[in-house]
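*Asks:* kindly return the folded structure for what I paste below:
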Amino acid sequence: MMAFSKAPVKKGSSYLTELETTNYKPILDEMMPYNIYVHKTMFSGNFHHRIVVKAVSNKEYGKVMLGLGKDETGNRIFPESGVFTGQEKQLQFVGRVTTTLRYLADIAIEILEEIGTYNLVTRNCQNFVNKFLDRIDFGDEKYLTTPQQVVVVASTMFLIGVGVVFLFKWRNEKK
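*Replies:* Modelled structure (predicted):
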């Protein structure tokens, strides 16, 4: 993955510096259909989501990522981009839009500017993905933020524990 220089997002930031080093350079401003995917992964013990874009064309341009990166302190965010080198099965297809890659990159930067400082609860990569999908009219698809995912896992574990207790109680009463 090619990453940005981790400069904080400020007016005029762009994904284009990295996108210009990919096969997409000659077509950044060409109006064409793009498949939009969400890549959900877990690394360093954290859930991470990002947008993956692929031109629908006879020519193979590959897939590029648009995401939210954060610095070592975990406070400052920056545009994170690069060629997607993962497997197709890691991607969830969301839909298709006809636009330019520059426009999609500009939307992503606007969202990063709005997010500002990183916050696990309200300003994280899942929020970035949800806002991006809203802006390109795929807002019906929502992804759980990290705290929501933790609540779901904890609730499931609690219910399993309650079920085991009742099972043992029922089994002991039957004896």
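*Asks:* residues contacting residue 102?
*Replies:* Going by CB atoms under 8 Å, 6 or more residues apart in numbering, residue 102 touches 16, 28, 29. (Each C-beta comes from the backbone N, C-alpha and C, glycine too.)
*Asks:* who does residue 52 bridge with?
*Replies:* residue 37, residue 65 (DSSP bridges).
*Asks:* state the distance from it to residue 168.
*Replies:* Residue 52 sits 46 Å away from residue 168, going by CB to CB, to the nearest Å.
*Asks:* which of the two has more neighbours?
*Replies:* Taking neighbours as other CB atoms under 10 Å, residue 52 and residue 168 compare with residue 52 leading, 21 against 10.
*Asks:* in contact with that one, which residues?
*Replies:* Contacts of residue 52 by CB under 8 Å, 6+ apart are 36, 37, 38, 39, 63, 64, 65, 66, 84, 91.
*Asks:* can you read off the backbone torsions of the residue most central in space within the chain?
*Replies:* Residue closest to the average C-alpha location in the chain (CA atoms, centre = their mean): residue 50, at 2.0 Å. Main-chain torsions, residue 50, degrees, to the nearest 10: phi -150, psi 160.
*Asks:* how near is the residue nearest to it when sequence neighbours are not counted to residue 91?
*Replies:* Among residues not flanking residue 50 along the chain, residue 67 sits closest, at 3.3 Å (CB to CB, 6 or more residues apart in numbering). Look at residue 67 and residue 91: by CB to CB, they are 13 Å apart.
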